[in-house]
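Visitor: no sequence on this one, just coordinates:
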């Protein structure tokens, strides 16, 4: 079997996007932003009133966009940054068990892989720049 790096990146992008979508849905519709804010405050996340809704909405909206591959590199970078911040703050404060790092570290690694490697082959994206104009249009522009 020959290597398929584009397919691998697409697989990582889709799975990471689905997990972020679920996390955002859970934060917004099941836990509620008030509960997430309180949890962030207890965990030592700075500015929990700002970061709780920011992270929840970014995950809820950015996750599906990541699945589709729309703005994948930028979204993956933003999701990696928020994941690192929300995970690192309680870890540094001694309020996070090392065993609780499994999912955040996987999400961080997946997000960084998409940010660095791109969205993979099965992404919806604007391909208009890759389309060449008709030959007639090119020849008209060169005459004058």
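Guide: Looks like it came in fine. As the structure is a prediction and not an experimental result, all values here were calculated from the model.
Visitor: report the secondary structure state of residue 59.
Guide: Three-state call for residue 59 (DSSP: H, G, I helix; E, B strand; the rest coil): helix.
Visitor: again, but for residue 3
Guide: Per three-state DSSP, the local secondary structure of residue 3 is coil.
Visitor: and the pLDDT at it?
Guide: Per-residue confidence (pLDDT) for residue 3: 88.
Visitor: repeat that for residue 108.
Guide: For residue 108, pLDDT reads 96.
Visitor: give me the element the nearest residue to it once chain neighbours are set aside is part of.
Guide: Among residues not flanking residue 108 along the chain, residue 83 sits closest, at 4.9 Å (Cβ to Cβ, 6 or more residues apart in numbering). C-beta: built from backbone N, CA, C; applies to glycine. Element membership of residue 83, judged by DSSP states H and E, is helix 72-92.
Visitor: tell me the mean pLDDT for that helix?
Guide: What helix 72-92 shows for mean pLDDT is 92.
Visitor: to the chain's geometric centre, what's the distance from that helix?
Guide: Distance, stretch centre to chain centre, for helix 72-92: 9 Å (Cα atoms, centre = their mean, to the nearest Å).
Visitor: by contact count, what packs against the helix or strand that that helix is followed by?
Guide: Proceeding N to C from helix 72-92, the next assigned helix or strand is helix 102-117, under DSSP H and E. In terms of contacts (3 or more Cβ pairs under 8 Å, 6 or more residues apart in numbering; DSSP states H and E), helix 102-117 is packed against helix 5-25, helix 72-92.
Visitor: who touches the first one?
Guide: Applying Cβ atoms under 8 Å, 6 or more residues apart in numbering, the contact partners of helix 5-25 are 56-69, 72, 76, 79, 103, 107, 110-111, 113-114, 117-123.
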